[in-house]
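Q: Whatever this is, show me its structure:
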Amino acid sequence: MRANKGSAELCRQLGYVFKQPQLLQRALTHRSYAPDHYERLEFLGDSILGCVIAKYLYSEFPDLSEGDLSRLRSNLVKESTLVLFAQQLDLGSLLKLGEGELKSGGFRRPSILADAVEALLGAIFLDGGFIAAEAAVLNLFVPYLAKVDMKTLGKDAKTLLQEYLQGRRLPLPCYSVIDTLGVAHEQLFQVECVIPLLKITTRGKGTSRRNAEQQAALAAYQLIGNKND
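A: Model prediction:
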């Protein structure tokens, strides 16, 4: 009874009711539970998802270049985004997992949750066609997109900081390593980011110089944002 209620709520959130309930059950079945599992549906759903998001971005952002559209798509269909949707749909409680996966917390594992979302979309496509699958994708993504800054999506902190400064014709920041801790294969770098004209100096730490620079750049970018609020 609980599973039926859960499936009904899942369909309500997806905005789709299955004509073939067995497809829904397959989309919720991990390979550790039964031979009839979701992996083939996942393959199909991954393609559907990419196509729908590409079509949506192409229509909604006519001024963006191919490169920017590709960047947005790759950052929208990545695992972390799909996990957010899986949590929203409470997929973890509906997945059919083998005993080993249950004990190891498979119902919380990001890769499993993300795969299950794609499998659901593949199942909807087989059950109701492309239009139904497209509606389900947009039902999930459109509210999410309303909360996302599309201009910064997928860009790292150094790029955002550089674009901000270049847009105001300000000199680029200077990065310098001010400290290195640990032995050669386990070093921790401390990097300083300086923007003299804005009187900003920040620091970042990381296991590589690149990571430390990103942390310092992020701190500087956030500091600029706070000053502009």
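
Q: which sections of the protein are below the confidence cut-off?
A: Residues of the chain meeting the criterion pLDDT under 70: 1-5, 150-154, 184, 227-229.

Q: who touches residue 32 in this structure?
A: Residues counted as contacts of residue 32 (Cβ atoms under 8 Å, 6 or more residues apart in numbering) are 97-98, 100-101, 106. C-beta here means a position set from N, CA and C on the backbone, and glycine is covered the same way.

Q: Could you identify which of those residues has the most neighbours?
A: Ranked by neighbour count (other Cβ atoms under 10 Å), the contacts of residue 32 have residue 97 at the top, with 21 neighbours.

Q: Please parse the chain into its domains.
A: Domain assignment of the chain by automatic domain parsing yields the ranges 2-145, 157-228.

Q: Quickly note the distance from the spatially most central residue of the chain to residue 163.
A: Centrality entry for the chain: nearest residue to the mean C-alpha point is residue 81, 2.8 Å, by Cα atoms, centre = their mean. Using Cβ to Cβ, to the nearest Å, one gets 23 Å for the distance from residue 81 to residue 163.

Q: repeat for residue 136
A: 35 Å.

Q: Please apply the same query to residue 146.
A: With distances taken as Cβ to Cβ, residue 146 is found 23 Å from residue 163.

Q: Out of the domains of the chain, which one sits most buried?
A: Counting by mean count of other Cβ atoms under 10 Å, domain 2-145 has the highest mean neighbour count of the domains of the chain, with a mean of 17.

Q: can you list contacts of the longest helix seen in the chain?
A: Ranked by residue count and defined by DSSP state H, the top helix of the chain is helix 39-60. Identification of contacts with helix 39-60 by Cβ under 8 Å, 6+ apart yields 23, 26-27, 31, 64, 69, 72-73, 76-77, 115-123, 125-126, 130, 133-134, 137-138, 141.

Q: So residue 205, which state does it fall into?
A: strand (DSSP: H, G, I helix; E, B strand; the rest coil).

Q: how about it, what does it touch?
A: Contacts of residue 205 (Cβ under 8 Å, 6+ apart): 188-191, 212, 215.

Q: Show me what it is bridged to.
A: residue 190 (DSSP bridges).

Q: Which residue ranges of this protein form strands?
A: Using DSSP state E, the strands of the chain run over 174-181, 188-195, 200-206.

Q: and the first one with strand 200-206, angle?
A: Going back to what we said before, that points to strand 174-181. Interaxial angle of strand 174-181 relative to strand 200-206 (axes from the mean of the first three to the mean of the last three Cα atoms, to 10 degrees): 40 degrees.

Q: Helices of this structure, start to end?
A: Counting by DSSP H, the helices of the chain are 2-14, 21-27, 39-60, 66-76, 79-89, 99-103, 110-128, 130-145, 157-167, 209-228.

Q: I'd like these written out as a markdown table, with distance to residue 178 added.
A: Output for these, formatted as a markdown table (distance: least, Cβ to Cβ, whole Å):
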| stretch | distance to residue 178 |
| --- | --- |
| helix 2-14 | 50 |
| helix 21-27 | 52 |
| helix 39-60 | 41 |
| helix 66-76 | 32 |
| helix 79-89 | 32 |
| helix 99-103 | 46 |
| helix 110-128 | 35 |
| helix 130-145 | 39 |
| helix 157-167 | 17 |
| helix 209-228 | 10 |
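
Q: Which of the ones you listed sits closest to residue 179?
A: Proximity to residue 179 (Cβ to Cβ) singles out helix 209-228 among the helices of the chain, at 9.6 Å.
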